[in-house]
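S.K.: with the input below, show me the fold.
(one chain, ligands or ions: 1)
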Amino acid sequence: MTSAWHPESRGTLTVHTVNPAELNVRLAQDIAQRLAAAIQARGLAVLSVSGGKSPVALFEALRVIDIDWSRVRITLVDERCVPRSHPDSNALLVQTHLLQDLAAKGQLVFMVASTAAPLDTPATLAKAASLALTAAGVADVLVLGMGADGHTASLFPEAPNLTDALDLRNTQTCVAIELAHPPANAPYARITQTLAQILSARHIVLPLFGTDKLNTLQQAWKQATPALPISCVLQQTQTPVALWLAN
Ligand SMILES: O=C(O)[C@H](O)[C@@H](O)[C@H](O)[C@H](O)COP(=O)(O)O
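M.R.: Modelled structure (predicted):
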């Protein structure tokens, strides 16, 4: 973000600009409060999380907060098509950093991304993940990340089926994404919630650190464009979105 640009809250989009050292703790508290309120209201809560590196500190801050984790169902916003024991598996990331602590043991409904069954293809994994998402129910909180290229979840600008995945009339909840040139740090086929599924959440949070991402955010702030899939989340007015920015 250029120093002159500070996004302001607008409509269903709330901006929290926070001291970087406090951001994950404050966001974890906000998420925990929302999950506790959902448990109070409906007897259970659903938390849907993205992978990547950014959420690790958030998961560590979240897992020590004392809510009734046995009533929390956790799903993945997206997953790499690797075994769940693979170091780049988002499922493993959640298992390692969020569920490590007893207090965070929860009823896990995971998007299935294990290649345990050798015949599993990204398409069959996406189907299995759709079933898991349906079983979990509407996400009370959905945590997004964003790449400097403007992707979110595994909705990458160059995904061959991006138009379908962004089409709000698409009734699929999860689709396979197979990129001709996947990111070097995670060169895998993926499965991802569709935009419609992401926006079915009751509340979306997007924590962002780093100037490169804030510069991308500034572009996405202007208009919705498939060239920056995150812009389709920022420009919609159906679902509350909270941006948590490090100042
Ligand atoms: O599986 C993934 O990689 C994530 O779901 C992805 O969408 C992530 O949120 C962004 O790529 C940002 O990743 P970082 O937090 O590592 O920058």
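S.K.: and whichever residue of the chain sits closest to the ligand, what does it touch?
M.R.: When scored by Cβ to the nearest ligand atom, the chain has G145 as its residue closest to the ligand, at 2.2 Å. Every residue, glycine included, has its C-beta placed from N, CA and C. Neighbouring residues of G145 by Cβ atoms under 8 Å, 6 or more residues apart in numbering: 50-52, 54-55, 152, 206-207.
S.K.: try it again with 7 Å
M.R.: The neighbours of G145, taking Cβ atoms under 7 Å, 6 or more residues apart in numbering as the test, are 50, 52, 54-55, 152.
S.K.: look up phi and psi at it.
M.R.: phi -120, psi -180 (degrees, to the nearest 10).
S.K.: show the pLDDT at it.
M.R.: G145 is assigned a predicted lDDT (pLDDT) of 98.
S.K.: pretty sure A41 sits in a helix.
M.R.: Yes: under DSSP: H, G, I helix; E, B strand; the rest coil, A41 sits within a helix.
S.K.: distance of it relative to R10?
M.R.: 27 Å (Cβ to Cβ, to the nearest Å).
S.K.: next one: A128
M.R.: Distance from A128 to R10, by Cβ to Cβ: 38 Å.
S.K.: among the contacts of G145, name the ones in strands.
M.R.: Among those, no residue falls in strands (DSSP state E).
S.K.: report the two of the residues you listed separated the most.
M.R.: Checked with Cβ to Cβ, these reach their widest spread between P55 and T152, with 12.7 Å between them.
S.K.: neighbour-wise, which of these two wins?
M.R.: More neighbours surround T152 than the other of P55 and T152, with 26 against 23 (other Cβ atoms under 10 Å).
S.K.: my guess is the more buried one contacts L142. True?
M.R.: No: between T152 and L142 there is no contact under Cβ atoms under 7 Å: 10.6 Å.
S.K.: how many other residues sit next to D212?
M.R.: So D212, with other Cβ under 10 Å, has 13 neighbours.
S.K.: I'd guessed it sits against G147; true?
M.R.: No: using Cβ under 7 Å, D212 is not in contact with G147, being 9.3 Å away.
S.K.: in which helix or strand would I find the residue lying closest to S89 once chain neighbours are set aside?
M.R.: Nearest-residue entry for S89: V82, 5.2 Å, with adjacent residues in sequence omitted and distances by Cβ to Cβ, 6 or more residues apart in numbering. Here V82 sits in a region with no helix or strand, counting by DSSP states H and E.
S.K.: pLDDT below threshold where in this structure?
M.R.: For the chain, applying pLDDT under 70 flags the ranges 1-3, 101-119.
S.K.: next, the buried residues of stretch 180-191.
M.R.: Buried residues in stretch 180-191, counted by 16 or more other Cβ atoms under 10 Å: 182, 188-191.
S.K.: which one's more surrounded, A128 and R10?
M.R.: A128 (18 against 11).
S.K.: surely that one is in a helix?
M.R.: Yes: looking at A128 with three-state DSSP, it is inside a helix.
S.K.: ok so, going back, keep only those of the contacts of G145 that are also close to the ligand.
M.R.: Contacts with the ligand are made by 50, 52, 54, 152 out of the contacts of G145, judged by Cβ under 6 Å from any ligand atom.
S.K.: mind checking which of these are in helices?
M.R.: For the ones next to the ligand among the contacts of G145, not one is inside helices, with DSSP state H as the criterion.
S.K.: who in the chain is up against the ligand?
M.R.: Counting by Cβ under 6 Å from any ligand atom, the chain sits next to the ligand at 50-54, 77-78, 90, 145-147, 152-153, 186.
S.K.: quick one: buried ones out of those?
M.R.: Buried among these (16+ other Cβ under 10 Å): 50-51, 54, 77-78, 90, 145-147, 152-153.
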